[in-house]
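A.B. asks: Please work out how this folds:
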Amino acid sequence: MTAESTVPTPAGQPRDLGASPVSVLPPRTGAAGFRLPAGRPAPRPDSPLPLIVADGTAALPGSLVLTGAPHQPLLAALLVAASLLLRPRPTARRLPGALDDLPSLCARVAVLWLSLGALVAAYAPPHALSARTLLLGFLLHAATGCAGRGVVHRRRRTALRARPRTALVVGPVATAQRVASAVLREPRCGVRPVGLVADEPDGTPGGLPVLTTGEEVWRAVVQNGVRDVLAVHPSVRGRQGALLRALAESGCVVWEVEADAPSRADAPSSAGRDRLAGFACRRLEPDVRRPGGAGKRMLDVTVSGALLLLLSPLLLACAAVLRVVGGPGVVFRQERVGKDGAPFTLLKFRTHRPADAHESATRWSVADERRMPWFCRFLRRTSLDELLQLWNVFRGDMSLVGPRPERPYFVARFSQTYPGYAARHRVRAGITGLAQVNGLRGDTSIEDRARFDNAYIDDWSLWQDVCILLRTAVALVRPTGS
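C.D. replies: Take a look at the predicted model:
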């Protein structure tokens, strides 16, 4: 739990944020800050049936070596069933081939035949399979499986080259145009760029159209059936993270393309990387994975519900004293930005009465307000004014642990100033978070908070939530007053 204070600058002094629209996503904004409308049909993935058939039939030639073994039809059926259950996972490569599946296929087939040999030796020792039989069965099974998968992949590559996937290229205009031209010169890639997405329009005639607004991007996605997105500059993930998330959630596959250097020292290892017209690329999952799910929500409901019951006498006492000290209106309601940028009404005990709605929406904090009543200062120092947010957690607006929510005015400003700030809204906002338990409360760096919040999301685990809650409870015993 935290009490905010003055917006920090590098020197730690307050600054004037200037005028700003209240809306987080203004009607006309750069393509980095927009949300795609709902209603686009979900993409149709490649049917798994051909690979299932290939994996199942691959076990049949190998089962021929079991001729003469007891219950040979049953063993063959076990081979087929196990082949379907242990089939290799789909590769992340754009145009996979049989050799891409070969290592995992051989490993699974080897495990299958060794298990079969152990099973026969355990239940029918006189008919135990010889090493020669096991090796021959493994070789036949692996070779047939590799050939079958090769046929399926070849047919899919042929179909993709005949009807390439349309794509948008995201990044600086010059770099995006260069990558798009190279991809268009290589039809075997199976990708056909149809537009560039950039913050500024291109002044040079010719080339692909440059899209600078959310409306233009959405129109291009719908009219061209865009299914691939090529992020061609390292800054894209930070500056245009909202765009990548929106496109990924609408059914596009996002690829990070290394357009400026053949190899970077800080680039990920070659595992999971692919090539697109000679450019190194790898598939991204930009914020589609939502940490938590049912386990996190169950923890939120259980803990918040229990605390609301246990602390109800304390909440009533605080409300009664606050009513006597500060007058009517003990509950403060304020619009904050939550998951996916959706606004919600945050509840707190009222410790300050702003002059008007504009001050409430745009003034960062009143932590140094001297005319605040003593009980209000006590509530803020102990973070008791935040306890009403347990109701926000219980009804699903917030989570116990997550990035602290902020007002639309400041979200709009911080999203433009600090890379990665908008990415904090991938999950529900929280009463406490990793940034808060690491001392990033009060007059501290917004950039550091965003970095810790995104680290929490990327590395989420239920145990991490429990640890943060325990650290928060310890911090409440010795409040710092920030």
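A.B. asks: going on from the lowest-mean-pLDDT helix or strand in the chain, what's the next piece of helix or strand?
C.D. replies: Lowest mean confidence among the helices and strands of the chain (mean pLDDT, DSSP states H and E): helix 357-362, at a mean of 53. Sequence-wise, the next helix or strand downstream of helix 357-362 (DSSP states H and E) is helix 374-382.
A.B. asks: Pretty sure residue 259 sits against residue 235.
C.D. replies: No: applying Cβ atoms under 8 Å, one finds residue 259 not in contact with residue 235, separated by 11.8 Å. Heads up, the C-betas are built off the backbone N, CA and C, glycines and all.
A.B. asks: Compare these two (neighbour count), which wins?
C.D. replies: Using other Cβ atoms under 10 Å as the criterion, residue 259 and residue 235 rank with residue 259 on top: 22 against 11.
A.B. asks: what about that one, distance to residue 220?
C.D. replies: Residue 259 sits 20 Å away from residue 220, going by Cβ to Cβ, to the nearest Å.
A.B. asks: Can you give me the distance of the most far-flung residue of the chain relative to its centre to residue 64?
C.D. replies: Centroid-distance maximum for the chain: residue 126 at 55.2 Å, with Cα atoms, centre = their mean. Going from residue 126 to residue 64 by Cβ to Cβ gives 21 Å.
A.B. asks: Equivalent analysis for residue 337, please.
C.D. replies: 64 Å.
A.B. asks: before we move on, what about residue 142?
C.D. replies: From residue 142 over to residue 64 (counting by Cβ to Cβ), the distance is 14 Å.
A.B. asks: out of these two, which sits in the more crowded spot?
C.D. replies: residue 142 (20 against 12).
A.B. asks: The more buried one is in what secondary structure piece?
C.D. replies: Going by DSSP H and E, residue 142 is part of helix 131-162.
A.B. asks: Enumerate the positions of that helix that are buried.
C.D. replies: 133-134, 137-142, 144-146, 148-150, 152-153, 156-157, 160 (16 or more other Cβ atoms under 10 Å).
A.B. asks: and the following helix or strand past that helix, which strands flank it?
C.D. replies: The helix or strand immediately downstream of helix 131-162 is strand 165-170, counting by DSSP H and E. Paired strands of strand 165-170, with direction, are strand 191-197 (parallel), strand 228-231 (parallel) (DSSP bridges).
A.B. asks: Would you check how far apart the residue lying closest to residue 220 once chain neighbours are set aside and residue 250 are?
C.D. replies: In this structure, residue 220 finds its nearest non-sequential neighbour in residue 195, 4.8 Å apart by Cβ to Cβ, 6 or more residues apart in numbering. The gap separating residue 195 from residue 250 is 15 Å, by Cβ to Cβ.
A.B. asks: now the helices: where do they sit in the stretch 301-450 of the chain?
C.D. replies: Taking DSSP state H, counting those that start in this stretch, the helices of the stretch 301-450 of the chain run over residues 312-326, 357-362, 374-382, 389-394, 408-417, 434-437, 446-458.
A.B. asks: Which one, of those helices, ends up nearest to residue 103?
C.D. replies: Comparing these against residue 103 with Cβ to Cβ, the closest turns out to be helix 446-458 (27.9 Å).
A.B. asks: other SSEs contacting that closest one?
C.D. replies: The contact analysis (3 or more Cβ pairs under 8 Å, 6 or more residues apart in numbering; DSSP states H and E) places helix 446-458 against helix 408-417, helix 434-437.
A.B. asks: Please parse the protein into its domains.
C.D. replies: 49-161, 164-284, 294-477 (automatic domain parsing).
A.B. asks: Which of the helices of the stretch 301-450 of the chain sits closest to residue 246?
C.D. replies: That would be helix 408-417 among those, by Cβ to Cβ, at 13.9 Å.
A.B. asks: Relative to the whole chain's centre, how far out is the closest one?
C.D. replies: 20 Å (Cα atoms, centre = their mean, to the nearest Å).
A.B. asks: Quick check: which helices or strands does it pack against?
C.D. replies: strand 331-337, helix 357-362, helix 446-458.
A.B. asks: Following element in sequence after the last one, please.
C.D. replies: Right, helix 446-458. helix 462-477.
A.B. asks: ok now that next one, how far from the chain's centre?
C.D. replies: On Cα atoms, centre = their mean, the centre of helix 462-477 falls 24 Å from that of its chain.
A.B. asks: I'd like to know which elements that helix is packed against.
C.D. replies: Looks like helix 462-477 contacts helix 294-310, strand 398-401, strand 429-432, helix 434-437 (3+ Cβ pairs under 8 Å, 6+ apart).
A.B. asks: Common neighbours of residue 259 and residue 235, please.
C.D. replies: Residues touching both residue 259 and residue 235 (Cβ atoms under 8 Å, 6 or more residues apart in numbering) are residue 171.
A.B. asks: Tell me if I'm right that residue 142 and residue 106 touch.
C.D. replies: Yes: between residue 142 and residue 106 there is a contact under Cβ under 8 Å: 5.1 Å.
A.B. asks: Let me know which of the helices of the stretch 301-450 of the chain is the nearest to residue 48.
C.D. replies: That would be helix 446-458 among the helices of the stretch 301-450 of the chain, by Cβ to Cβ, at 29.0 Å.
A.B. asks: Now do that closest one: distance to the chain's middle.
C.D. replies: With Cα atoms, centre = their mean, you get 13 Å for helix 446-458.
A.B. asks: Helix or strand: which one has the nearest residue to residue 82 once chain neighbours are set aside?
C.D. replies: In this structure, residue 82 finds its nearest non-sequential neighbour in residue 112, 5.0 Å apart by Cβ to Cβ, 6+ apart. Residue 112 belongs to helix 98-123 when assigned by DSSP H and E.
A.B. asks: same thing with residue 281?
C.D. replies: Assessed by DSSP H and E, residue 281 sits inside strand 279-284.
A.B. asks: still on that earlier bit, elements contacting the helix holding residue 112?
C.D. replies: helix 72-85, helix 131-162.
A.B. asks: These: which one's closest to residue 324?
C.D. replies: Nearest to residue 324, of the helices and strands packed on helix 98-123 and by Cβ to Cβ, is helix 72-85 at 68.0 Å.
A.B. asks: tell me which strands and helices the closest one is in contact with?
C.D. replies: helix 49-63, helix 98-123, helix 131-162.
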